[in-house]
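>>> got a predicted model here, sequence first, then my questions.
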Amino acid sequence: MPLRALGFMRISFIVLLLLSVYSAAAQSLSYVPPVSKGYIANGPVAKTPKKIHETDTSKENKEPRYFYVTVSTNVFVNTLGTVGKRFSPSVEFGRTYGIFDIGLAAGRLNSIRDGSDTTYFMEVRPTINIFSKGRFSEALCLGAGYVFNGQQNFMTEICNSINFNISEKVALAISQGYYFFDGTYSNRTAQYMGVNLTYNFLRNDGVNKQRKHAALVNDN
């Protein structure tokens, strides 16, 4: 083969090789993976934060809290005397914290003054709800107070009651309990039974009324 023809073929082979390499390089540069195209078009994809649904797990924040007033009409039993001497009215004002009440009561041990002793008393009365089923509940109270100008002036109380919630605001209870009176030279015990009427200070559109309603309809 002439040298000229051989040189031409060599040059042609080199040219074709260069063109093939160029074409392959151009295709590899023009190819962009789909993820990379999305990244280029939209920028870096931000991670979507997980939604955390926080729930109120603290019991005290789910319990209704409100003020109340209770009118009590107690009558001492297993004792002698007229109705006026055995009738013991009182009024209690306090605040409810879920199943626990703390109140300050004031009243009279009877409706008749006996000698130099007065019958007026004041008492701190905590109460706890020990059982509830719908609108019915049972409560236990422990109290301590003072009889003004009484010979047996220190008084303590233990009682239990069965309560019926007529509505979120009004409740009726039947109670029975004991008073213990202690003085410097004497002491005595008195048993009573009575009927209590309670009014709860709840706003109609307040969350505490909603919580009270939920407590009443629970387990119905």
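Thanks, I have the structure now.

>>> report the residue ranges of every domain in the chain.
Segmentation of the chain into domains, based on automatic domain parsing, reads 3-42, 59-217.

>>> now tabulate those in a markdown table and tack on mean pLDDT and mean neighbour count.
(C-beta placed from N, C-alpha, C; glycine too.) Output for the domains of the chain, formatted as a markdown table (pLDDT from 0 to 100; neighbours: other Cβ atoms under 10 Å):
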| stretch | mean pLDDT | mean neighbour count |
| --- | --- | --- |
| domain 3-42 | 54 | 10 |
| domain 59-217 | 89 | 15 |
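
>>> helices of the protein, start to end?
3-30, 34-42, 59-62, 83-86, 207-217 (DSSP state H).

>>> quick one: residues in contact with the last one.
The set of residues external to helix 207-217 that reach it, using Cβ atoms under 8 Å, 6 or more residues apart in numbering, is 62-66, 132, 134-135, 165, 168-169, 200, 202-203.

>>> hmm, try it at 10 Å
61-66, 96, 98-99, 129, 132, 134-137, 165, 167-169, 200-203, 206 (Cβ atoms under 10 Å, 6 or more residues apart in numbering).

>>> try stretch 147-156
108-109, 114-123, 142-146, 178-188, 190.

>>> likewise stretch 71-91?
By Cβ under 10 Å, 6+ apart, stretch 71-91 touches 69-70, 92, 103-112, 114, 119, 121-123, 125, 145, 159, 161, 173, 175-177, 179, 188-199.
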